[in-house]
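Peer 1: Below are the sequence and a predicted model; questions follow.
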Amino acid sequence: MARHVNRNGEPERKIVVTEDGPYVVHGGLPLVHKIQIVSEYGEPLTWQTGARFETGETYELCRCGQSSFLPFCDVTHALVDFDGTETADTGQTADRQEVHPGGTHIVVKRDYSLCMDSGFCANRLRKVEEMVAETGDTEVRSQVMAMIEPPWVISGTA
């Protein structure tokens with residue numbers, strides 16, 4: 001397979017979605033397992049880096065979920081008649097963002113199409129949307145900022 005390089009002569013890093021097949025990762029991108037760390041109440045706190053997978057310059061990741069060598073592809077997708085039709089919204093992120101009004105010195109936006117449902121947008125007591133109105137309190141604003149991971153976007157205001 002030909003090696004693709006960018007203008008600086010470095011390996012071109014990209015992920016190609018193949019039709020009804022795997023993701024093909026180019027450029028020696030590292031692959032690691034992430035483990036969610038939670039509080040005693042089950043609240044997500046952060047991500048811990050787990051196992052690092054040995055990969056080459058180019059590798060294939062399973063999209064059908066049936067591979068015997070997950071997360072890598074073993075071409076099982078061809079045997080199970082996998083339909084890999086992409087259905088993601090390809091529009092601009094800015095067009096999908098919703099602003100949660102009422103923030104003080106902070107603007108909180110959310111793109112629900114990017115939500116991973118990993119739980120970082122709430123704690124055991126409240127959701128970020130409920131906390132926005134209280135961001136005049138520096139502590140609450142700090143908590144909101146600490147809780148936010150994509151698909152949330154924070155931008156400061158003057």
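Peer 2: Great, that's in hand. On a predicted model such as this, the values are computed, not experimentally measured, just so you know.

Peer 1: Any idea how many residues pack against the residue lying closest to Ala133 once chain neighbours are set aside?
Peer 2: Spatial nearest neighbour of Ala133, chain neighbours left out: Gly102 (4.1 Å); criterion: Cβ to Cβ, 6 or more residues apart in numbering. Bear in mind the C-beta positions are built from the backbone N, C-alpha and C, glycine included. Using other Cβ atoms under 10 Å, Gly102 has 14 other residues around it.

Peer 1: For Gly102, pull up the helix or strand it's in.
Peer 2: Using DSSP states H and E, Gly102 sits within no helix or strand.

Peer 1: Pull the residues that contact the helix or strand Ser142 falls within.
Peer 2: Assigned by DSSP H and E, Ser142 belongs to helix 138-147. Helix 138-147 is contacted by residues 103-106, 108, 120-123, 128, 131-132, 134-135, 154 when judged by Cβ atoms under 8 Å, 6 or more residues apart in numbering.

Peer 1: Kindly indicate the member of those residues with the most neighbours.
Peer 2: Most surrounded of those: other Cβ under 10 Å gives Val108, at 25 neighbours.

Peer 1: I figured that one hits Ile148, correct?
Peer 2: Yes - assessed by Cβ atoms under 8 Å, Val108 is found in contact with Ile148 at 7.3 Å.

Peer 1: roughly how far apart are the nearest residue to Asn123 once chain neighbours are set aside and Thr135?
Peer 2: Leaving aside its sequence neighbours, Asn123 sits nearest to Glu43 (Cβ to Cβ, 6+ apart; 5.2 Å). To Thr135, Glu43 is 19 Å away according to Cβ to Cβ, to the nearest Å.

Peer 1: Gly119 now?
Peer 2: Distance, Gly119 to Thr135, by Cβ to Cβ: 20 Å.
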